[in-house]
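Asker: everything below, folded, please.
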Amino acid sequence: MLSAIDGSAIDRVLREAVEAGAVPHVAAIAADRDGILYEGGAGPRIVGESGDEVGTSTQFRIMSMTKMVATVAALQQVERGELELDAPVDTYRPEFAEIQVLEGFDGDTPKLRPAGSRATVKQLITHTSGLGYWFWNEALDTYQKVTGLPNVLGGAEAFKAPLVADPGTQYVYGINTDWLGRVVESVAGQGLDVVIKENITGPLGMDDTMFLLDDDRRENCVTVHVRGEDGNWTSAGELLPQEPDWWAGGHGLYSTPRDYIRFERALLRGGELDGARILTEQTVDAAFTNQIGDLDFPAEIPTVDPPITDSLRVGPGWKWGLGLLLNTEDVPGRRRAGSGAWAGLFNTHFWVDRSTGICASIYTNSLPFITENEAWKLYGDFETALYASL
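Answerer: As a prediction, this is how the structure comes out:
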């Protein structure tokens, strides 16, 4: 076990980011296989209001960090022989057969055609089914505008969104894991909230991770922050539906840094933590292995909706496993090759570095996502300071 580290340099990174206005608040945590190495926080829960600074027990909306939790729920069903990765999605959700490919537009009329093949469950997990998100896909953004179809924060009609590529032909980040959550529910005969509680968060002792907060936890939750007209951070309140049409496997969970690090440590330890096993070692190994073959995770994904997100620029050399972004080379001074990671739209980020033997995550709740000189820079500064302290 690594001993607890001198976190003064990390504390300074967090504090200076808040003082400079790069983020409204931030909490961060790191651990090895045996326990927590670092935890810290800076900034108010709600800018402009009195109260304690955020910390690792503060509630955050983790958005797409939900995806790996939902993916684990599906992989558990695979291990039990209840779900087949190579089975077509419409085997479990017949309505998926109605989803067509968006080819373009004739004026404001979308041009749709049948998909070239039936998307599989594995393609949902690897974001190769052809489903997208409006904020990183211009055609889908246009489709939603001309048809009035809501995005995934606006209701269950979002499941009628078309594919933007034929299944298996390219990596397109999108609402795949929301569909995967519905597959999990069909197999289980239970809601995704129950499946995750009974099989993942319950066994791992993650009592503060859930789709809807109770009153006490809501009082401990940050709000989402955006830039006001004066350029300063201001609270935008609650942006997630509090009476949702479905349990969103792609973005619906709230959690705390201390809770989610238990999930990360379980992955770091090969699927087990404190005697609770959520996956076999073989399945965890597969999750950290390239599952998209010759396809690549895009070096750059241009933004279509700047108030929501900046462009994502990770550069070349990235793949996708089962629910995880994988770097194929060491990042100098930071994570080693083969680490698994992902992030959430309101600026949360985690990674699991099995070679170094550590995992970590960093949290704020703000928009836009990954602004280059703000949250994106902070991610890197935190990671660099952490590895320098090991």
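Asker: next secondary structure after the helix or strand containing D141?
Answerer: According to DSSP states H and E, D141 maps onto helix 138-147. Once the chain leaves helix 138-147, the next helix or strand it forms, by DSSP H and E, is helix 176-188.
Asker: dump the C-alpha coordinates for that following helix into CSV.
Answerer: Output in CSV follows, covering the C-alpha atoms of helix 176-188 (Å, rounded to 0.1, in the frame of the first residue of the first chain):
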residue,chain,number,x,y,z
ASN,A,176,-26.0,4.3,-26.1
THR,A,177,-25.9,3.8,-22.4
ASP,A,178,-29.4,5.1,-21.9
TRP,A,179,-30.5,2.4,-24.3
LEU,A,180,-28.3,-0.1,-22.4
GLY,A,181,-30.0,0.8,-19.2
ARG,A,182,-33.3,-0.1,-20.8
VAL,A,183,-31.9,-3.4,-21.9
VAL,A,184,-30.7,-4.1,-18.4
GLU,A,185,-34.2,-3.4,-17.1
SER,A,186,-35.8,-5.7,-19.6
VAL,A,187,-33.5,-8.5,-18.6
ALA,A,188,-33.9,-7.9,-14.9
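Asker: buried residues in it?
Answerer: 176-185, 187-188 (16 or more other C-beta atoms under 10 Å). (C-beta placed from N, C-alpha, C; glycine too.)
Asker: packing partners of that helix?
Answerer: In terms of contacts (3 or more C-beta pairs under 8 Å, 6 or more residues apart in numbering; DSSP states H and E), helix 176-188 is packed against helix 66-79, helix 89-92, helix 121-125, helix 192-196.
Asker: who's in contact with it?
Answerer: Outside of helix 176-188, the residues within contact range by C-beta atoms under 8 Å, 6 or more residues apart in numbering are 64, 66-67, 70-71, 73-74, 77, 82-83, 89, 92-93, 96, 121, 123-125, 127, 129, 131, 152, 158-159, 191-192, 194-195, 246-251, 323.
Asker: may I see the PyMOL selection of the buried members of the residues you listed?
Answerer: Here is the PyMOL command that selects only those of the contacts of helix 176-188 that count as buried (16+ other C-beta under 10 Å):
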select buried, resi 64+66+67+70+71+73+74+77+83+89+92+93+96+121+123+124+125+127+129+131+152+158+159+192+195+246+247+248+249+250+251+323
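Asker: hmm, back to that, tabulate the helices and strands packed on helix 176-188 (JSON lines), appending distance to G275 and mean pLDDT.
Answerer: Shown next, in JSON lines, are the helices and strands packed on helix 176-188 (distance: least, C-beta to C-beta, whole Å; pLDDT from 0 to 100):
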{"stretch": "helix 66-79", "distance to G275": "17", "mean pLDDT": "98"}
{"stretch": "helix 89-92", "distance to G275": "32", "mean pLDDT": "98"}
{"stretch": "helix 121-125", "distance to G275": "27", "mean pLDDT": "98"}
{"stretch": "helix 192-196", "distance to G275": "19", "mean pLDDT": "98"}
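Asker: would you reformat the ones you listed as TSV and include distance to L267?
Answerer: Shown next, in TSV, are these (distance: least, C-beta to C-beta, whole Å):
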stretch	distance to L267
helix 66-79	8
helix 89-92	25
helix 121-125	15
helix 192-196	15
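Asker: ok, of the buried residues of helix 176-188, which one's closest to A28?
Answerer: T177 (24.6 Å; C-beta to C-beta).
Asker: so how far is I29 from that closest one?
Answerer: Distance from T177 to I29, counting by C-beta to C-beta, to the nearest Å: 24 Å.
Asker: next one: T384
Answerer: 16 Å.
Asker: settle it for me: which of the two has more neighbours?
Answerer: I29 (25 against 17; other C-beta atoms under 10 Å).
Asker: what's the span of stretch 180-195 from first residue to last?
Answerer: One end of stretch 180-195 to the other measures 13 Å (C-alpha to C-alpha, to the nearest Å).
Asker: tell me who's in contact with the closest residue in space to Y133 that isn't next to it in sequence.
Answerer: Take Y133 and drop its neighbours on the chain: the residue closest to it by C-beta to C-beta, 6 or more residues apart in numbering is G174, 4.8 Å away. Contacts for G174 (C-beta under 8 Å, 6+ apart) come out as 127, 129, 131-133, 137, 140, 164.
Asker: how about 7 Å then?
Answerer: 127, 131-133 (C-beta atoms under 7 Å, 6 or more residues apart in numbering).
Asker: ok, L267 next?
Answerer: So L267 contacts 284, 352 (C-beta under 7 Å, 6+ apart).
Asker: go on, Y387?
Answerer: By C-beta under 7 Å, 6+ apart, the neighbours of Y387 are 333-334.
Asker: now do it against I10, distance only.
Answerer: For Y387, the distance to I10 - C-beta to C-beta - is 10 Å.
Asker: just K377 next, same as before
Answerer: On the measure of C-beta to C-beta, K377 and I10 end up 15 Å apart.
Asker: who has more neighbours, these two?
Answerer: Just comparing K377 and I10: by other C-beta under 10 Å the higher neighbour count belongs to I10, 26 against 16.
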